[in-house]
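S.K.: Give me a model of this one.
(one chain, ligands or ions: 1)
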Amino acid sequence: MKYRRFGSLDWKVSALGFGTMRLPVLDNNSGKINEPLAMEMIRHAIDEGVNYVDTAYPYHQEQSERFVGRVLKDGYREKVKLATKLPSWLVKEEADFDRLLEEQLRRLDVNQIDFYLLHSLNAKTWANLQGLDVFGWAEKKMVEGLFSHLCFSFHDGYPVFESIVKAYDNWTMAQIQYNYMDKDYQAGQKGLRLAADRGLAVVVMEPLRGGRLAKNPAPPQVEAVWARGEYDWTPAAWAFHWVWNQPEVSTVLSGMSTLQQVEENLETASASGIGRLTEQDLALVEEVRSAYEGLAPIPCTQCEYCLPCPNGVSIPRVFAIYNEASMYEEFHNGRWAYTNQISIEARADNCIECGECEAACPQNIEIIEWLVKSHEILTEPQ
Ligand SMILES: NC(=O)c1ccc[n+]([C@@H]2O[C@H](COP(=O)([O-])OP(=O)(O)OC[C@H]3O[C@@H](n4cnc5c(N)ncnc54)[C@H](OP(=O)(O)O)[C@@H]3O)[C@@H](O)[C@H]2O)c1
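M.R.: Numbers count the residues shown, from 1 in each chain. Predicted structure coming up:
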């Protein structure tokens, strides 16, 4: 394992961090973690040097924190820094801060959290938390020893990111969505550099854009570019190396869902380094980025923040099918999947346009409009 600086802390973080949002599940139900397998995966990663584990209140239908707490028994807690997140959208009044933190400590069954993040900040959640004096509250909790460092994760545009970073001198870390497709999206490279310049560690999430950049083989237009690459790397390895290449990045979270992915990503992390990619390599990744642009029309990363839909629409699934069909130009398969893999009750035409999903979507996707379009295209007569 390679280790990297973590902002201004006197501690080195493993290049690879374990994200626990996409663990293997049973019966295709994200609330039913395949615990024996997921336990083996996370503990194996820790045995191989991963020293950072990331969870959050809502992951796996609120089962992730409880499960991570069990994984970190038997001496594993001492081997890692543990990060979890205040579900900022559930905070309505000051008393919610304590209530949620206490609940999370209970779920995790720990006395202290290392990195406590304000989860998924955007202009709205940020304004609300500031109004409730989140910093005053957080500083008291740090003195009480309930968590060690205040941090935030982010899903909004760069100007909001800048104002959050500059609003507080004691942020330890920012967690941002960052990969070669999102270089100029949300906080983007500009935000990465700003945060690092101010001494913050930067934790990268969605390095594979939720797995979309790992497709192997990639769509033909993309594959043709990779084929000209210098190394025999998988598309996932290329995507990781692109992130690790940058000095401002502290650790890269991967939401691994199989043991094989854990093995591969450990190996890739071991070969990682700042400045590992040549100018030629970087130009190749730029070409891949261009090849991808336009192929996937809906920027959904399958994070499932839009769920549950009050009317039962399987929003991420509908979008995955539509994007997949568009990227591979396989609308025949897309129509088959839409008809056979999504129940009538969960299809896009059940949307009543209440807009709850749009308010929750970290990508700010115009979900309602895309549901109409997806349904139209995916039900066209063959
Ligand atoms: N704070 C926030 O707002 C927020 C938002 C999103 C994520 N996060 C955190 O950040 C973590 C990382 O984000 P992410 O899970 O979206 O990361 P990601 O690496 O972009 O996507 C993970 C997916 O990539 C695929 N994958 C991983 N390694 C692979 C490999 N070697 N080969 C092929 N495919 C591979 C798997 O997809 P398949 O399962 O399809 O195989 C996996 O589920 C999350 O787990 C979570 O802890 C936080």
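S.K.: tell me the contacts of Ala269?
M.R.: Residues near Ala269 by CB atoms under 8 Å, 6 or more residues apart in numbering: 1-2, 14-16, 240, 244, 252. The way it works is simple: take the backbone N, C-alpha and C, and place the C-beta from them, glycine included.
S.K.: actually Val204, sorry about that
M.R.: Counted by CB under 8 Å, 6+ apart, Val204 has contacts 175-179, 243, 249, 251-253.
S.K.: go with 10 Å
M.R.: 17, 19, 175-179, 182, 192, 240, 243-244, 246, 248-254 (CB atoms under 10 Å, 6 or more residues apart in numbering).
S.K.: And it, how far from the ligand?
M.R.: 8 Å (CB to the nearest ligand atom, to the nearest Å).
S.K.: Same check on Gln382?
M.R.: Taking CB to the nearest ligand atom, one finds Gln382 at 28 Å from the ligand.
S.K.: Thought Phe331 was touching that residue, still the case?
M.R.: Yes: look at Gln382 against Phe331 with CB atoms under 10 Å: they come within range, at 9.1 Å.
S.K.: closest to Gln280 among the contacts of Ala269?
M.R.: Trp244 (17.4 Å; CB to CB).
S.K.: how much space between the closest one and Ser254?
M.R.: 11 Å (CB to CB, to the nearest Å).
S.K.: who's more crowded, those two?
M.R.: Ser254 (30 against 26; other CB atoms under 10 Å).
S.K.: Isn't the more buried one up against Phe240?
M.R.: Yes: judged on CB under 10 Å, Ser254 makes contact with Phe240 at a distance of 7.6 Å.
S.K.: Now list whatever residues contact both of the two.
M.R.: By CB under 10 Å, 6+ apart, the residues touching both Ser254 and Phe240 are 16, 204, 207-208, 214, 264-265, 268-269.
S.K.: can you name the two of the residues you listed that are farthest apart?
M.R.: Val204 and Glu264 (17.5 Å).
S.K.: ok, Cys303 to the ligand distance?
M.R.: 5 Å.
S.K.: Need the three-state assignment for that residue.
M.R.: The three-state assignment at Cys303 reads coil, by DSSP: H, G, I helix; E, B strand; the rest coil.
S.K.: May I have the residues that are in contact with it?
M.R.: Applying CB under 10 Å, 6+ apart, the residues near Cys303 are 21-22, 58-59, 120, 155, 177, 205-206, 210, 255, 316, 360-363.
S.K.: Please work out which residue of the stretch 151-300 of the chain is closest to the ligand.
M.R.: Closest approach between the stretch 151-300 of the chain and the ligand, counting by CB to the nearest ligand atom: Gly255, at 2.1 Å.
S.K.: count of neighbours near the closest residue to that residue other than its chain neighbours?
M.R.: Spatial nearest neighbour of Gly255, excluding adjacent residues (CB to CB, 6 or more residues apart in numbering): Arg22 at 3.4 Å. Applying other CB under 10 Å, we find 20 residues neighbouring Arg22.
S.K.: Also Gly131?
M.R.: Counted with other CB under 10 Å, Gly131 comes out at 9.
S.K.: Tell me how far it lies from Met21.
M.R.: 28 Å.
S.K.: Please apply the same query to Arg347.
M.R.: Taking CB to CB, one finds Arg347 at 25 Å from Met21.
S.K.: now swap in Leu132 and tell me
M.R.: Separation of Leu132 from Met21 (CB to CB): 26 Å.
S.K.: Over to Gly211?
M.R.: Distance from Gly211 to Met21, by CB to CB: 11 Å.
S.K.: Neighbour count: those two, which is higher?
M.R.: Between Gly211 and Met21, counting by other CB under 10 Å, Met21 is the more crowded of the two (21 against 18).
S.K.: Is Thr13 in a helix, a strand, or coil?
M.R.: Actually, residue 13 is Val rather than Thr. Going by three-state DSSP: Val13 is strand.
S.K.: what does the stretch 251-382 of the chain have sitting close to the ligand?
M.R.: When proximity is defined by CB under 6 Å from any ligand atom, the stretch 251-382 of the chain lies next to the ligand at 253-257, 261, 264-265, 301, 303, 362.
S.K.: quick one: which of those residues sit in helices?
M.R.: Within those, membership in helices is found for 261, 264-265, as judged by DSSP state H.
S.K.: Name the nearest of those residues relative to Met327.
M.R.: Closest to Met327, out of all of these and judged by CB to CB, is Gln261, at 20.7 Å.
S.K.: ranges for the helices of the stretch 151-300 of the chain?
M.R.: Assigned by DSSP state H, counting those that start in this stretch, the helices in the stretch 151-300 of the chain fall at 158-166, 188-197, 220-226, 235-244, 259-270, 279-292.
S.K.: closest to Ile42 out of those helices?
M.R.: With CB to CB as the measure, helix 259-270 is the member of those nearest Ile42 (8.3 Å).
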